[in-house]
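> what shape does this take:
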Amino acid sequence: MGTPHNHAKEGQIAKTVLMPGDPLRAKYIAETFLENPVQFNTVRNMFGYTGTYKGKEVSVMGSGMGMPSIGIYSYELFKFYGVETIIRVGSTGAIQPHVHIRDVIITQAASTDSNWSYQYGVNGTLSACATYDLIEKAVKVAKDMGVNYHVGPICSMDIFYNADEEAWKKWSAMGHLGVEMESYALFCNAAYLGKKAACLLTVSDSFFGEPETTAEERQNSFTQMMEIALEIAE
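Sure thing, here's the model as predicted:
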């Protein structure tokens, strides 16, 4: 068994996978939170590991940046490896003034400027949503942990360095909490394949002038988001 992007063998990947964008963040999660983690993938340095958390078997694997990348990895996990649930754990830029650095966003739905849903031939605009029971569980865990969290929609964008530097303001005006680059494709893959998906995001920067987190902080210190994801892993 294997794909062009994942050399794991049958049975090496758990039913639930945490999926950060950065493969080094996947390595950090595995080494910090999982008991007896075993690496199952190194193809293209997209590291994947399986271990246990409080007795539950859980895997963690990087997704890379952007919808094409997470689209490939999540599809293969769902379609070829029997994964039932993928929880994205990533970073986001806040586009609301009440959403602050290091707050956690529990994503309800993802809008996009991508044409990702074109492939499904739907005659309209496809709304890509997280799985409700995962949202419900994440909210409970966040409350119990005392985490400063927000629930709402985000926007998955194709462009990081946008020529229109104020494009985010239109999404903000429509009540979106943050911008990132992956969740829409993940939610679409889950819906199309009859699987579950959720997205937990830590605010790493804000369009309202708060100081940004460093790459090292994003890799190693977003522990509240990681713990919430591990607690809701099925």
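> next helix or strand past the lowest-mean-pLDDT helix or strand in the chain?
Least confident element among the helices and strands of the chain, by mean pLDDT, DSSP states H and E: helix 215-220 (a mean of 70). Next helix or strand after helix 215-220 toward the C-terminus (DSSP states H and E): helix 223-232.
> show residues contacting that following helix.
Helix 223-232 has contacts (Cβ atoms under 8 Å, 6 or more residues apart in numbering) with 18, 29, 32-33, 53-54, 58, 87, 89, 104, 134, 137-138, 141-142, 145, 147, 198, 200-202. Yep, even glycine has a C-beta here, placed from its N, CA and C like the rest.
> again with stretch 162-172
Here stretch 162-172 makes contact (Cβ under 8 Å, 6+ apart) with G93, I95, Q96, S111, D113, C155, M157, V179, F207.
> E76: which of these is nearest?
Comparing those against E76 with Cβ to Cβ places M157 closest, at 23.5 Å.
> before we move on, the earlier item: in ChimeraX, select just the buried ones from the contacts of helix 223-232.
Listed next is the ChimeraX selection for buried residues among those, using 16 or more other Cβ atoms under 10 Å:
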select :18,29,33,53,58,87,89,104,134,137,138,141,142,147,198,200,201,202
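> hang on, the earlier thing: determine which two of the contacts of stretch 162-172 are furthest apart.
Across those (Cβ to Cβ), the longest gap, 18.3 Å, separates Q96 and D113.
> and the helices in the protein?
Ranges of helices in the chain, per DSSP state H, are 23-33, 67-80, 132-145, 167-173, 183-193, 215-220, 223-232.
> point out the most buried one among those helices.
Most buried of the helices of the chain, by mean neighbour count (mean count of other Cβ atoms under 10 Å): helix 183-193, with a mean of 24.
> distance from that helix to the middle of the chain?
Centroid separation between helix 183-193 and its chain, computed with Cα atoms, centre = their mean, to the nearest Å, is 11 Å.
> quick revisit: tell me the one of the contacts of stretch 162-172 nearest Y73?
M157 (18.9 Å).
> tell me, how many neighbours does the closest one end up with?
Counted with other Cβ atoms under 10 Å, the neighbours of M157 add up to 22.
> bridged to the residue nearest the centre of the chain, which residues?
Compute the mean C-alpha point of the chain, and by Cα atoms, centre = their mean the closest residue is R88, 2.0 Å away. Beta-bridge partners for R88, by DSSP bridges, are M19, C199.
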